[in-house]
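**Q** take this sequence and fold it.
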Amino acid sequence: MKPYEPSNKVTSNGLKWLLLSSVIGGLAIGGLTHLISLSVAYLIVVFPFAMGFTGGKVMVVAIRQGKVRNPAIATLFGLLTGLLMYGALHGAGYWQFKQSVSEQITKELEAASGNQSNNIIDTFLQEKTGSKGFVGYLKHNAQQGVSIGRLNATETTNLGETGTWIYWLIELAIIDVTIGAIAYSTAKNPFCENGDQWYKRPEHIGIVNPQCSENFLNLLQNDRFGEAGKLLDPLQGIHPANLEVYVQRCPCCKFSDPILTVSSISKDLNGNPKLKQVAQGVLSLSQYNKFHEAVTQNLPRSGEPNAVPTNDDEEISLAQQERSSISARDRFESHDLTASAQAKLVEQLSRYPLVKEAYLVRKTLQYFPEKPFYVLGIIRRRGFIESEEAEPNLLKKLMTELALPNQTWVICLNKDRAMTKILQQTAGQAIYRKK
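**A** Numbers count the residues shown, from 1 in each chain. Modelled structure (predicted):
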């Protein structure tokens, strides 16, 4: 596969979108943030990140509407947006400062005009900081120093003049880096130059089992797409420890080159699945057709028992959803492995000291039931002292190293009494129990 590279094109209309969004969005978000800070305390770190993400969303709209495919220019305007935003935040503070001081001057000098009040303010700032206007206001604020501390705390820490300037630079950096990164990644998204459209969202097309992952990536790297497609299971849903494959295409142009993305699936500390891109590349239409033909060749064909048309994308999507998770609400039945296949699995399980018991069942499916989906439930032997990674590491090891039947979900039953009871009742007895 060859890597996708944006065309780096940007039209005059795209520049207008970027400029207007940077100016209007930056000034509006900065001013609104100041108003919010008046009603609630200004939260350090939280507010800059919130401003950055909000500004990033504005840039996403501008880039996509203006069809900007130049990441460098998009990033430049993202940085400009952040600069205007932070300037507007302090500018709104300067305006409020002038209003407050002018009211005090008017009370003491009833005949003072607006120009006289401004002159008095500038004179004050000149004497205190050596500068007038907005710059003098910033210097005066820096001299006063930013105080930080917990909400409603009686004691706070003043950063001093130098610390305040450094703190402001850090806030500006947070905002600019956040917006710039979002703008850069958005402009790098695939775009069809023939159809003048952004590619559609990635479509999930299948899963590669752990035992085939390395071979699958090698085949893609060597442009052997027909062989790689045979290793992809289009029915299986998202499953930890596997590779998930997506395709992106232009929504209107039939001649655009599809983009294939491969991501590894793992679990975070909370048990939620997370994806990490491991490969992405552009395929020609002939290469993708060869790949897609290989992917679907193992699906039931018309005329076979329980066959479902292979071009029914909705049916395949429903099958993927049905196989993407298991729960105590699902229905299960006895596995249909032969005695030799069961003996081979038992022999493999005996090599793992941490596996105490194992139960194997088959999930009852509505879509493509002739393609079995197995569940291997493990009861793990716990150590006296062990880390939080002990359980996920064992599951990953089993998924990667065991020669499991195609489409097998491995779970740990130690903390799930309901699932343990269901699997024990369905299986009748453990397929493996350590002696």
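**Q** how much space between the residue nearest to H90 when sequence neighbours are not counted and K128?
**A** Of all residues not flanking H90 in the chain, L138 sits nearest, at 6.4 Å (CB to CB, 6 or more residues apart in numbering). No exception for glycine: its C-beta is placed from N, CA and C like everyone else's. Here L138 is placed at a distance of 12 Å from K128 (CB to CB, to the nearest Å).
**Q** who's more crowded, the two?
**A** When neighbours are counted by other CB atoms under 10 Å, L138 and K128 differ, and L138 comes out ahead with 20 against 13.
**Q** give me the phi and psi angles of A390.
**A** Torsion angles at A390 (phi, psi; degrees, to the nearest 10) stand at phi -60, psi -50.
**Q** just the helices in this structure please.
**A** Remark: helices assigned in the chain by DSSP state H are 12-20, 26-39, 46-66, 71-108, 114-129, 133-144, 160-187, 213-221, 225-230, 285-296, 313-322, 339-349, 390-401, 417-427.
**Q** what residue ranges in the stretch 151-300 of the chain score low on pLDDT?
**A** Along the stretch 151-300 of the chain, segments meeting pLDDT under 70 span 151-154, 237-241, 266-273, 298-300.
**Q** repeat that with 80
**A** 151-156, 209-211, 235-242, 254, 265-275, 296-300 (pLDDT under 80).
**Q** now L84. Nearest residue, chain neighbours left out?
**A** Ranked by CB to CB, 6+ apart and with sequence neighbours excluded, the top spatial neighbour of L84 is G26, at 3.1 Å.
**Q** tell me how many other residues crowd that neighbour.
**A** Count around G26 with other CB under 10 Å applied: 26.
**Q** that one and L79 touch, don't they?
**A** No - counting by CB atoms under 8 Å, G26 does not reach L79; the two are 10.5 Å apart.
**Q** rank the helices of the chain by mean pLDDT and give me the bottom one.
**A** Among those, helix 313-322 carries the lowest mean pLDDT, at a mean of 77.
**Q** quick one: list the elements packing against that one.
**A** Helix 313-322 sits against no helix or strand, with contacts defined as 3 or more CB pairs under 8 Å, 6 or more residues apart in numbering; DSSP states H and E.
**Q** report the buried residues of it.
**A** 315-320, 322 (16 or more other CB atoms under 10 Å).
**Q** ok, stretch 339-357 next?
**A** Buried residues in stretch 339-357, defined by neighbour count with 16+ other CB under 10 Å: 345, 348-349, 352, 354-357.
**Q** hang on, I422 packs against F332?
**A** Yes - with contact defined as CB under 8 Å, I422 counts as touching F332 (6.5 Å).
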